[in-house]
Structure formats: C-alpha cells, structure tokens
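S.K.: Provided below are the primary sequence and the corresponding predicted coordinates.
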Amino acid sequence: MRPEKITIVADLQGKLNATPFVIVTDYTGLRVDQFSILRNRLADAGSECKVVKNTFLRRAMSEVGLPDISSDLNGQTAIVIGQKDVAAAAKVLKAFIAEFKKPAVKIGIIGHAIVNPDDIKAIADLPSLPVLQGLLLGLLQSPASQLVRLLNEPASALARVLKAKGEADAAGAPAAATEDAPAATEGAPAAADGAPEAA
C-alpha cells in the first residue's frame, strides 16, 4: 500500500476509534450543494459526514476491531460519525432523507453492535441525550426520596410508641409497689417488641 493510502487508512482508524457510532450511507445521486447542506446540519448536531473508499473503510474497520460489514460496503459510501449523541445524528439524517430522498442508510454500528436502517430510524425518534439524562435522573431521585420517607416513617412511629410507653411507665411509677417493679420491667420488652407491628 502506498504511503498516501496508509495515511488515509490511519486517519480513518483514528476517527473510528474516537466515535461511539458509525452510520454507513450510499450518497449516490446527492448533489454537491445537497451534500454540503447535510454536512452543515450534521456539524450542528456534533457529527460529521465523510466520503470514504470502501476498500479503505474495510481495512480501517478491521484494524480497529469493528464488526465485519463488508457486504454492505459498495457503491458511493459516506459515513456519519460523531463524538457523542447518535440520536441527534440519526434525527438529522431522517429529516434530511425525508426532504431530499437521499442518502440511503445501509447499516450502522453503535459501540460494537450492528444496527439496521430500521433501528437507526427508531433511534431518530428517541429523545435527545440531555432529555434522556434528565429522565434518568428523575427516575433515580424519585425512588430515593420514597425510600427515605419509608425509612423515616417506621422510625418515627417506633419513637412515638416508645415515648408513650415511657410516659405511661412514669405516670404509673409512684403507685407501683416494690414487688411490682420487676413485673413492669419484664413487660417493657414485650411492649417494645410489639411496637413495629403497631406502627
């Protein structure tokens, strides 16, 4: 392989190592001005669209250990890659395809999992990453606050029962005979044992 080709493959490897997703498209029939619009829209979503030779992409993907999708690497190939949110890139692609009828999505890789065009359309319908993070945070906080309430309630109920028991013992102490004191002491654990059930 000539030095310039080695450089191109190495550059591709670096990009593939840095991205959490790759969406492979066939841009046949897409005009230069349309391709420029797509690139700009993807850039706004934190992604980029790069025209690649299939042979170079095959080699680069193999070198970085991505799944073999050689059967889908034909025709005029452009890949969509990004630094973060695959849903944002998928949304841009879906809207662009609805408007211009191109490019055709052939296959994708998220992490090391192969996804088909229908999966990518479904991902486009997901909320954006910040929205999903907010929903997750809400889910995590809600059970935590409920757990705190559940833990506090039995404790406060037990405290009320023990306080009432203490007040009852204090009120009955002067009338109690010396011989009755052990019996009162023996009764205390039984009342305390019953406290959680009363709560």
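M.R.: Alright, I've got the coordinates. What you see is a predicted model, and the numbers here were worked out from it, not measured in a lab.
S.K.: correct me, but residue 47 touches residue 87?
M.R.: No. Applying Cβ atoms under 8 Å, one finds residue 47 not in contact with residue 87, separated by 10.7 Å. In short, each C-beta sits where N, CA and C put it, glycine included.
S.K.: More neighbours: these two, which one.
M.R.: residue 47 (24 against 21; other Cβ atoms under 10 Å).
S.K.: The closest residue to residue 84 other than its chain neighbours: what's it in contact with?
M.R.: Leaving out its chain neighbours, the residue that sits closest to residue 84 by Cβ to Cβ, 6 or more residues apart in numbering is residue 46, at 5.5 Å. Residues counted as contacts of residue 46 (Cβ atoms under 8 Å, 6 or more residues apart in numbering) are 82-85, 88-89.
S.K.: and these, which are buried?
M.R.: 82, 85, 88-89 (16 or more other Cβ atoms under 10 Å).
S.K.: CSV for those residues, including secondary structure and pLDDT?
M.R.: Below are the buried ones among the contacts of residue 46 laid out as CSV (DSSP: H, G, I helix; E, B strand; the rest coil; pLDDT from 0 to 100):
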residue, secondary structure, pLDDT
82, strand, 95
85, coil, 83
88, helix, 91
89, helix, 94
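S.K.: Which of the residues you listed sits closest to residue 119?
M.R.: Nearest to residue 119 out of the buried ones among the contacts of residue 46 is residue 89 (Cβ to Cβ; 13.4 Å).
S.K.: Can you tell me the closest non-neighbouring residue to that closest one?
M.R.: Per Cβ to Cβ, 6+ apart, closest to residue 89 is residue 47, 4.1 Å.
S.K.: Go through the helix or strand where residue 9 lies and flag the buried ones.
M.R.: Using DSSP states H and E, residue 9 sits within helix 3-18. Residues 8-9, 12-13, 15-16 are the ones in helix 3-18 that count as buried (16+ other Cβ under 10 Å).
S.K.: confidence score at residue 193?
M.R.: pLDDT for residue 193: 44.
S.K.: Oops, could you answer that again for residue 5 instead?
M.R.: pLDDT, residue 5: 88.
S.K.: and if you look at residue 169?
M.R.: 71.
S.K.: element containing it?
M.R.: Going by DSSP H and E, residue 169 is part of helix 129-172.
S.K.: okay, how far is it across stretch 105-119, tip to tip?
M.R.: 11 Å (Cα to Cα, to the nearest Å).
S.K.: follow-up on the earlier one: who are the packing partners of the helix holding residue 9?
M.R.: helix 54-64, strand 77-82 (3 or more Cβ pairs under 8 Å, 6 or more residues apart in numbering; DSSP states H and E).
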